[in-house]
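> what follows is a predicted protein model with its sequence.
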Amino acid sequence: MRFAYYDRLSPARKRVYRKSDEIEPLPLPPGIVVGPAVAGVRASLASDASLDVRRHCQAIVDALVAGYHVPPIRMRVLAQRPSGNYGELHGLYEPIDGRTPARITVWMRTARKRQVVAFRSFVRTLSHEVCHHLDYELFALEETFHTEGFYKRESALANALLATLPTCIGQ
């Protein structure tokens, strides 16, 4: 299934879109240990500790980029999501720009109600932004599109991260 905006893309961009759509989800890289950091994100969100959320997110991202053998990403965790006529912005990926490493920004609080974001939604947002990085750096796509394949990769990554929780907390 192609999303409606596909019809408005140039032929070159359609080729990139189709390539993205065909990429299969990846498992977590072998040997990485992220369960404690994922649990740390959950605990830090619950206690509204933004610096700890950032530290745990950075640990997750560092493990993923090392495992997938892609360039590093810097993490930013900000307070309240920005919003506008487009809705709320959950996360933002900024690709590598010259010597500046890629950056992911995520927000801890919803725009409207200013509530701390639900843990699973937060992990999905983080996974989503990491997948943009993988599109550029692992799969060498010229652009990163929201395709059905992209969302499958995002879902698989988020579910794999969440699945690390039981082993790290003794469940």
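Yes, it's here. Numbers count the residues shown, from 1 in each chain.
> which element follows the helix or strand hosting Val123 toward the C-terminus?
Assessed by DSSP states H and E, Val123 sits inside helix 119-137. Using DSSP H and E, the next helix or strand after helix 119-137 towards the C-terminus is helix 148-163.
> give me the buried positions along the helix or strand hosting Arg103.
Assigned by DSSP H and E, Arg103 belongs to strand 102-109. The neighbour-count check on strand 102-109 (16 or more other Cβ atoms under 10 Å) flags 102-109 as buried. In this view, the C-beta of every residue, glycine as well, is placed from N, C-alpha and C.
> in terms of secondary structure, what does it contact?
helix 50-68, strand 73-80, strand 91-94, helix 119-137 (3 or more Cβ pairs under 8 Å, 6 or more residues apart in numbering; DSSP states H and E).
> direction-wise, compare it with helix 119-137 and give the angle.
For strand 102-109 against helix 119-137, the angle by axes from the mean of the first three to the mean of the last three Cα atoms, to 10 degrees is 170 degrees.
> export strand 102-109 as PDB, just CAs?
In PDB, the C-alpha atoms belonging to strand 102-109 read as follows (Å, rounded to 0.1, in the frame of the first residue of the first chain):
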ATOM      1  CA  ALA A 102      22.900  13.600  13.500                       C
ATOM      2  CA  ARG A 103      20.600  14.600  16.300                       C
ATOM      3  CA  ILE A 104      17.300  13.300  17.700                       C
ATOM      4  CA  THR A 105      15.000  15.500  19.700                       C
ATOM      5  CA  VAL A 106      12.100  14.100  21.700                       C
ATOM      6  CA  TRP A 107       9.700  15.800  24.000                       C
ATOM      7  CA  MET A 108       8.600  14.600  27.400                       C
ATOM      8  CA  ARG A 109       5.300  16.300  27.700                       C
END
